[in-house]
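Visitor: Provided below are the primary sequence and the corresponding predicted coordinates.
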Amino acid sequence: MSSDRAVPLPVAVPLPADVAHLRPQNAMGLAYILNALLLTSASVVLTTRPEFVSWAAAQVLLALALVQWFVLLHECGHGILFRTSRWNDLAGEVAGLLSFIPFRCWTAIHNQHHRWTGWQDLDPTTATLVPREISMPQRILMSVCWRFWIPIFVLVYRINNFWNWPRLRRLFPDRALKKRLVLDILGVTAVYGGIVYGFGFFPLVRSFGVGILLSMVFIESLILSQHTHVPMTLSEGAAVRPYPAREQDAFTRSLTLPRWLSRWILVNVDAHELHHVYPQVPGYLLPKIDYEPKNLASWWHFVLAAHRLPAPVFLFQNRNQSGATV
C-alpha cells in the first residue's frame, strides 16, 4: 500500500490550462452564503410561529438550508467557494457547524477521497463498502432502514468518516494535523453542547427535527448516488498509483435534478463526474465546461431503482455484479 495515502492533498492545486479562466469569484461565493443564511434565518423565524403551516414551511426551508450548507462545506473544503483562502476557511467552519461535520475533518477525508477515487479499499469514503460477509443482524438493520427510508447510512457516513477519532488518527498520523482535527472536533462538540444546554434537547427536536430529518434523507440519496454501486478497483494491499482526475469520471455518477435546485441549492454538485475531472473549478462555474457525462441518471429514477434493490446488494455490489442498471 502506498505510504503517502495518509497525507492530505493540498486544497489549492493549479487549474488545468483549458479551465484556467474558471476561477473562484468572491461575489458568487458571498451570494451562496447569503442565500443559505436567508433560508436558515427564515426557517428559524417561521418555526417560532404558532401556526402549523408556518412550522411546516420552516421544516422545508430548513431542509433546503442544511442541504446547501453541506454543499458549501464541500466547496470550501476544496478552497473554491471564494478566491480568498481566509474566506473559504471561515465559511467552511460555519458550513461544517451547520452540517454536523467538523470542517478540518471533512477537508482531510475529502481530499483523500479525491486522491484515491476508483480504488475502493483506499478511498476512506468507500472503504467500508468493500464486498465482504455481512452478519444477519446487519442485513436486517440495513434492509429495514432502506425499506422505510430511514437515513441511517448518511449518519454512519458522517460518524465513521468525520467523527471517528481512532480512525482519523490512523489515517492521518501527522502530529500537527491530528492536533487540528481534534481541536475542530472538540470545538464543534462544545458549540453543540452549549446550544442543547441553552435551549433544551426536546424543544430543539420539536422545532427543527423534521427539517433535519428531511435534509438527511435527501443528502443520503445524493451521497449514495455519487459512487455507490459503481464498478471500482481494489488494491488489495498492493502499492498502486492514484487515478488521474481526468480518469475518475468512470468511477462516479451524475444526476439530473430540477435546474433551480441544482444551481441555487446544490451548486451543481450533482454534476459529479465533471466535478471529479475538474475538482479545482467552483461548482457554480461547472456548467461553462463542455462535457458529456458518461454515467448520467435522473435523480428520481436513480432513487427508485436503488431502493428496489436489497440494501446489501446496492451497497456492497456494483452494477456489473448485480446486473442492475442503477
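Guide: Here it is on my side, so go on. A quick note: this is a predicted structure, and the numbers were derived from the prediction, not measured.
Visitor: only C-alpha atoms from now on, for both contacts and neighbour counts.
Guide: OK.
Visitor: may I have the distance across stretch 231-246, first residue to last?
Guide: Using CA to CA, to the nearest Å, one end of stretch 231-246 lies 17 Å from the other.
Visitor: and stretch 21-31, average pLDDT?
Guide: Mean per-residue pLDDT for stretch 21-31: 96.
Visitor: residues of that stretch that come out buried?
Guide: Neighbour-count burial for stretch 21-31 flags 22-25, 28-29 (criterion: 16 or more other CA atoms under 10 Å).
Visitor: what about these, which are in helices?
Guide: Within those, residues falling in helices by DSSP state H are 28-29.
Visitor: Serialize the buried residues of stretch 21-31 to a markdown table and add fields for distance to Phe251.
Guide: Supplementary listing: the buried residues of stretch 21-31 in a markdown table, determined by distance: CA to CA, whole Å:
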| residue | distance to Phe251 |
| --- | --- |
| Leu22 | 24 |
| Arg23 | 25 |
| Pro24 | 26 |
| Gln25 | 29 |
| Met28 | 29 |
| Gly29 | 28 |
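Visitor: buried set for the helix or strand harbouring Ser225?
Guide: Here Ser225, judged by DSSP states H and E, is contained in helix 201-227. Residues of helix 201-227 classed as buried by neighbour count (16+ other CA under 10 Å): 207-222, 224-227.
Visitor: for Pro229, phi and psi?
Guide: That one is not Pro; residue 229 is His. Reported as degrees, to the nearest 10, the phi and psi values for His229 are phi 70, psi 20.
Visitor: what about it, distance to His276?
Guide: In terms of CA to CA, His229 sits 17 Å off from His276.
Visitor: got it, and Phe162?
Guide: Relative to His276, Phe162 is positioned 21 Å away (CA to CA).
Visitor: more neighbours, His229 and His276?
Guide: Taking neighbours as other CA atoms under 10 Å, His229 and His276 compare with His229 leading, 26 against 22.
Visitor: how many neighbours does Arg49 have?
Guide: Neighbours of Arg49 under the rule other CA under 10 Å: 12.
Visitor: tell me the centre residue of this structure?
Guide: Computing the C-alpha centroid of the chain and ranking residues by CA atoms, centre = their mean puts Ile223 first, at 5.8 Å.
Visitor: now Pro50: phi and psi?
Guide: Torsion angles, degrees, to the nearest 10, at Pro50: phi -80, psi -20.
Visitor: same check on the one 4 residues further on?
Guide: Backbone torsions of Ser54, given as degrees, to the nearest 10, read phi -60, psi -40.
Visitor: I figured it was touching Val44, is that so?
Guide: No - counting by CA atoms under 8 Å, Ser54 sits too far from Val44 to count as a contact (10.3 Å).
Visitor: in a helix, Ala297, correct?
Guide: No - using DSSP: H, G, I helix; E, B strand; the rest coil, the assignment for Ala297 is strand, not a helix.
Visitor: below-threshold pLDDT in this structure: ranges please.
Guide: Scanning the chain with the threshold set as pLDDT under 70 gives 1-14.
Visitor: helices of that one, start to end?
Guide: Using DSSP H, helices in the chain cover 26-47, 52-78, 85-99, 103-116, 136-147, 152-158, 165-171, 175-199, 201-227, 259-264, 272-277, 299-308, 311-316, 319-322.
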